[in-house]
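[1] I'll drop the sequence and a predicted model, then ask my questions.
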Amino acid sequence: MSQSRETRRSKRKSFDYVGAIDFCDGDAPRPCQVRDISSGGARITVFTDTNAIPETFNLVLSASSNVQRACKVAWRSPTELGVQFLKPTD
């Protein structure tokens, strides 16, 4: 049995938070669930077809929309996305 090797630059932390995906298209942000997060990215569960989500978008991390991260999709599954923050947090 082979073990997977962690290749991320930043350690992920469990983070169960309702966020939103803003396509920056003038429509209301779409809800999502942030499952884990690091300074470089996050894993999010979406409630729509992941193929309908653009390659780049803003991840809204506060109810007031004051905390947002510009993201690029790193991987997709049928219900989840792995995203890379375009500007890592400290």
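    Ah, there it is.

[2] who does Gln68 bridge with?
    Counting by DSSP bridges, Gln68 is bridged to Val60.

[3] all numbers from here: first residue = 4
    Sure, I'll start numbering at 4, so the last one becomes Gln71.

[4] How about residues contacting the helix or strand of the chain with the lowest mean pLDDT?
    Lowest on mean pLDDT, DSSP states H and E among the helices and strands of the chain sits strand 16-25, with a mean of 88. Contact with strand 16-25 is made by 32-41, 45, 47, 49, 56, 60-64, 68, 71, as judged by CB atoms under 8 Å, 6 or more residues apart in numbering. The C-beta positions use only the backbone N, C-alpha and C, and glycine is treated the same way.

[5] Mind checking which of those are buried?
    Buried members of the contacts of strand 16-25, counted by 16 or more other CB atoms under 10 Å: 32-33, 35-38, 40-41, 45, 47, 49, 56, 60-64, 71.

[6] out of those, which are inside strands?
    Counted as lying in strands by DSSP state E, out of the buried ones among the contacts of strand 16-25, are 33, 35-38, 40, 45, 47, 49, 60-63, 71.

[7] What sits closest to Gln87 if chain neighbours are left out?
    Distance criterion CB to CB, 6 or more residues apart in numbering; nearest residue to Gln87, sequence neighbours excluded, is Gly44 at 4.5 Å.
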